[in-house]
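Novice: Using only what follows, build the 3D model:
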Amino acid sequence: MRAGLFFSMSGFLRPYGRLLIVVFLALLLGACDSSGSAGLNSFQSQDGRYGFLYPNGWSRVAVTGGPKVVFHDLINSDETLSLVVSEVGEDIDLEQLGTAEIVGKRLMEEVIAPEGTGREVELVETNSRKTSGHTFYDLEYSVHLQDRDRHELATVVIDRGYLYTLATSTNEKRWPKVKQLFQKVITSFTFLI
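Specialist: This is a model prediction of the structure:
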């Protein structure tokens, strides 16, 4: 009896089998994220000039007189993502400011831990990469504050006279859990026009 049911079902599936397999594979592949951006949302500037990815569950925060864009995690509120845009002049490129290490140390001394803040910062690692005709410096910092330790990743790039610094930050305890996610975020920054 079971064999008869199997053969009658296989007869039914034969003409539709390929279609079912194709639909199943399409659904399966659609659920896979081949771009490596699972768990991330996309952000694009209002003028369509640049974009980047940010983690799911993070919310944009309005700030005045600070970074151009700020996101923070709704659950771990001390995890942040910020984009600072500074004018540097049309004739400046990133390499003219120095190597990744030189720029990383300058950012550390002038922005992250200027004299008198009581912060101790270590430039852990630097990397230079070229993407879509732009040079990016990826920077990793370990930051010691009076009450806690933090970790920060940043990428720096110049385009059309503006220096863009996209940075992510978390407490040191969460760093091992979010390191790869934060690396995807900072390396996702791109110019669209």
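Novice: Surely residue 183 is in a helix?
Specialist: Yes: per DSSP: H, G, I helix; E, B strand; the rest coil, residue 183 lies within a helix segment.
Novice: In contact with it, which residues are there?
Specialist: By C-beta atoms under 8 Å, 6 or more residues apart in numbering, the contact list for residue 183 reads residue 153. Where C-beta positions appear, they are placed from N, C-alpha and C, glycine not excepted.
Novice: so how far is residue 139 from it?
Specialist: Per C-beta to C-beta, to the nearest Å, residue 183 is found 12 Å from residue 139.
Novice: cool, residue 67 as well?
Specialist: Taking C-beta to C-beta, one finds residue 67 at 16 Å from residue 139.
Novice: Also residue 181?
Specialist: Going from residue 181 to residue 139 by C-beta to C-beta gives 17 Å.
Novice: So if I had to pick from these two, which one is more boxed in?
Specialist: More crowded of residue 181 and residue 139, by other C-beta atoms under 10 Å: residue 139, with 26 against 19.
Novice: any idea which helix or strand comes after the worst-scoring helix or strand of the chain on mean pLDDT?
Specialist: Least confident helix or strand, the chain: helix 2-31 with a mean of 38, by mean pLDDT, DSSP states H and E. Next along the chain after helix 2-31, taking DSSP states H and E as the criterion, comes strand 40-44.
Novice: which helices and strands does that next one pack with?
Specialist: Here strand 40-44 touches strand 50-55, helix 175-187, going by 3 or more C-beta pairs under 8 Å, 6 or more residues apart in numbering; DSSP states H and E.
Novice: And the last one, what's buried?
Specialist: Looking back up the chat, that one is helix 175-187. Applying a neighbour-count criterion of 16 or more other C-beta atoms under 10 Å, one finds 175, 178, 181-182, 184-187 buried in helix 175-187.
Novice: With only the CA atoms kept, save the strand or helix carrying residue 104 in CSV.
Specialist: When elements are assigned from DSSP H and E, residue 104 belongs to helix 100-107. Below are the C-alpha coordinates for helix 100-107, written out as CSV (Å, rounded to 0.1, in the frame of the first residue of the first chain):
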residue,chain,number,x,y,z
ALA,A,100,47.3,55.6,8.4
GLU,A,101,49.4,55.5,11.5
ILE,A,102,50.2,59.3,11.4
VAL,A,103,46.5,60.2,10.8
GLY,A,104,45.4,57.7,13.4
LYS,A,105,47.7,59.3,16.0
ARG,A,106,46.6,62.8,15.1
LEU,A,107,42.9,61.8,15.4
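Novice: tell me the mean pLDDT over it?
Specialist: Here helix 100-107 scores 96 as its mean pLDDT.
Novice: Tell me which residues are up against whatever helix or strand comes next after it.
Specialist: Going down the chain from helix 100-107, the next helix or strand is strand 120-131, by DSSP H and E. Residues external to strand 120-131 that are found in contact with it (C-beta under 8 Å, 6+ apart): 99-101, 104-105, 108, 112-113, 135-144, 187, 190.
Novice: And the residues you listed, which of them are buried?
Specialist: Of the contacts of strand 120-131, these count as buried by 16+ other C-beta under 10 Å: 100, 104-105, 108, 112-113, 136-143, 187.
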